[in-house]
Every structure is written in C-alpha cells, then in structure tokens.
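>>> compute the structure for the input listed below.
(4 chains)
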There are 2 protein chains.
Amino acid sequence: MGLTKSEIFTAQQNTIATFAKVLGHPARVAILEHLYKIKSCVCGDLVDEIGLAQPTISQHLKELKQVGLIKGTIEGTRVCYCIDDDKWITMKAVIHEFLDQDLTKNQECC
Amino acid sequence: MGLTKSEIFTAQQNTIATFAKVLGHPARVAILEHLYKIKSCVCGDLVDEIGLAQPTISQHLKELKQVGLIKGTIEGTRVCYCIDDDKWITMKAVIHEFLDQDLTKNQECC
DNA sequence: TCTATTAATCGTAATATTGCAATAAACAAA
DNA sequence: TTTGTTTATTGCAATATTACGATTAATAGA
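Numbering: from 1, shown residues only, chains lettered A, B, ... in the order given. A predicted model of the protein is given here:
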C-alpha cells in the first residue's frame, strides 16, 4: 500500500520515525553536515557540494524544511538556508532518549 | 527513479542514512521498544502487541535483521527475536556522533 | 500420520520516494 | 525593459515501501 498506519502507534513512536526518516537519505545527511560546516549557506553551494541536480537538492531541502530542521531566508535571488537549532535540539533529545534505552542484556533467550 | 545515488556520498553518510532509514517507520520503532521491554521475544507477541498483520510484521523484522539490529533464533515452531546489543551500540555511536556536532550558531546569516 | 501452530514467502495493490529535464518565478543589474 | 542568476515547481519515469491475503514450510503434539 505504501501508506504507513500512523494511527496505531504512539505519538512518540511517530515522532522518532519522522525524524529518523528525514535522516534516512545520505543527501539530507550531507546537506545537514554541510550546513553545519559553513556559516553562510545557500542552495547553490549545496548543488556544487553534493553531486545532485538542482531540483533534487531543492526537494531534499523542502523535506528538511517540512520537519523544521532547517529554515530559509530569502536574500535577493538567493535563499539562505540554515539549521534550526531549537528543532535540532528537540530531535537530539527524542532520538537520544530512544537510543539510550537501558541495555539490560536479554540473556534469557537468544 | 526511486534509486538513491549512494556512490556520491561518504561511507559515513550512507551508514547514518541506513540506520536512520530503518528507524524511519513507527512499526520498527515499536518493535525495537517492545524487544527492549520484554526479555523473551517472539514474533507472535509482536503481532498482538502492534496492530499489523503477521506478514507485515515479518517484513519489518526482516529489514531490522538485514541491518543487523536484531537476530532471530529458531525455537521449535517459534522464532526468538532479540536486539543485537553490539549493533545497537554501533548505531548509537554513529548517530550520536552525527547529532552531537558542535552547535556553533550560524549568526552570520538567518 | 494427522492436525494445529508459528513464521516466512509469494503475489499483488496502493502509495511514496528519488531523480532530473523543462519550466516558471523572483529578483538584481545593465 | 531586458538579461542573467538563483531557487521553486511541474511533470514524468523508475524504483521502493507499506500492507495484507493466500500459501508454504517447519515443527510440536495428539
């Protein structure tokens, strides 16, 4: 079907999945890494930096913007993209909480 | 195309994306959470716990198994699934490293 | 052996994702 | 106004994902 049944999961589970999903493509990982490295950030730079066509980059930026991880400011003909630090911190907290579950070994089976 | 151009990204970027992708569905998040809570872990339990059909759960388990996050041991007619702690630790390290990039505010733009 | 139980696989339908060429939109500068 | 620059949008093709019914495979137990 290709359609996720989000209703049957908790809000937390859906939140984790939403953040993880957007990180689930190397281009978006690369974009975020690049936005961290440089201070002034423009889409054109990203097209050069990453080896994908401009519409493709634009689309990945859109997805990152939709979950709120980046924000874009129009500056003339250019758009200045940068990471939304608050959202990044939220994502970090959500994913960390999930990943840092207690590693009590399940020795009873396996 | 639907086909990710992994060649143009670094191994680290691809690794992050691979782990994130598998966490990018609430059912798989729920499965992992459940496997953490209980010690003895069986596929049937998961079908009851999560509200998806048995073939669907089986498919999600397969994806988790493919990235190595879980392992299954056959026990009679049942299969005992549990988290591969080593792989979990690897994933944690990889994702933490990415998420904990220095939050040096990009005040120069935005 | 026959039956029940459990999980994997197959097949299929619906939808989503990835990628890009072509085009549009928005603005700066000549 | 015209031209160039930059980013977004549209439209499309190819592939991937999600979900499930039907079936199969494997084993336990009567």
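>>> what is the neighbour count of residue A:92?
Around residue A:92 there are 18 other residues, counting by other CB atoms under 10 Å in any protein chain shown. (C-beta placed from N, C-alpha, C; glycine too.)
>>> next one: residue A:25
23.
>>> partner residues bridging residue A:78?
residue A:75 (DSSP bridges).
>>> residues contacting it?
A:42, A:43, A:44 (CB atoms under 8 Å, 6 or more residues apart in numbering or on different chains).
>>> what's the burial count for the last one?
Neighbours of residue A:44 under the rule other CB under 10 Å: 12.
>>> how far away is it from DNA strand C?
Distance, residue A:44 to DNA strand C, by CB to the nearest atom of the strand, to the nearest Å: 12 Å.
>>> how many residues are close by the closest residue to residue A:69 other than its chain neighbours?
With CB to CB, 6 or more residues apart in numbering or on different chains as the criterion, residue A:69 has its nearest non-adjacent residue at 5.3 Å, and that residue is residue A:87. Residue A:87: 16 surrounding residues under other CB under 10 Å.
>>> check whether residue A:87 really touches residue A:65, as I assumed.
No. Contact between residue A:87 and residue A:65 fails when scored by CB atoms under 8 Å: they sit 10.3 Å apart.
>>> so what's residue A:38 closest to, chain neighbours aside?
residue A:45 (7.1 Å).
>>> so which elements touch the helix or strand containing the one you found?
Here residue A:45 sits within helix A:43-49, counting by DSSP states H and E. Contacts defined by 3 or more CB pairs under 8 Å, 6 or more residues apart in numbering or on different chains; DSSP states H and E place helix A:43-49 against helix A:26-37, helix A:54-66, strand A:78-83.
>>> is the second one in proximity to DNA strand D?
Read it as helix A:54-66. Yes. Applying CB under 7 Å from any atom of the strand, one finds helix A:54-66 touching DNA strand D at A:54, A:55, A:58, A:59, A:61, A:62.
>>> who does the longest helix seen in chain A touch, helix- and strand-wise?
When chain A is parsed with DSSP state H, its longest helix is helix A:85-99. Other helices and strands packing on helix A:85-99, by 3+ CB pairs under 8 Å, 6+ apart, are helix A:11-22, helix B:85-99.
>>> tell me which of these sits most buried.
helix A:11-22 (a mean of 20; mean count of other CB atoms under 10 Å in any protein chain shown).
>>> is it anywhere near DNA strand D?
No. Counting by CB under 7 Å from any atom of the strand, DNA strand D is not contacted by helix A:11-22; separation bottoms out at 7.5 Å.
>>> just give me the neighbour total for the spatially closest residue to residue A:73 that is not a sequence neighbour.
The shortest distance from residue A:73 to any non-neighbouring residue, by CB to CB, 6+ apart, is to residue A:80 (4.6 Å). For residue A:80, the neighbour count with other CB under 10 Å is 18.
>>> for the helix holding residue A:45, give me every contacting residue.
A:30, A:31, A:34, A:38, A:53, A:54, A:57, A:58, A:61, A:78, A:79, A:81.
>>> any stretches of chain A with poor pLDDT?
Chain A contains residues with pLDDT under 70 at A:39-40, A:102-110.
>>> quick check: residues of it near DNA strand C?
Counting by CB under 7 Å from any atom of the strand, chain A sits next to DNA strand C at A:1-3, A:21, A:24-25, A:27, A:52-56, A:59-60, A:63, A:74, A:76-77.
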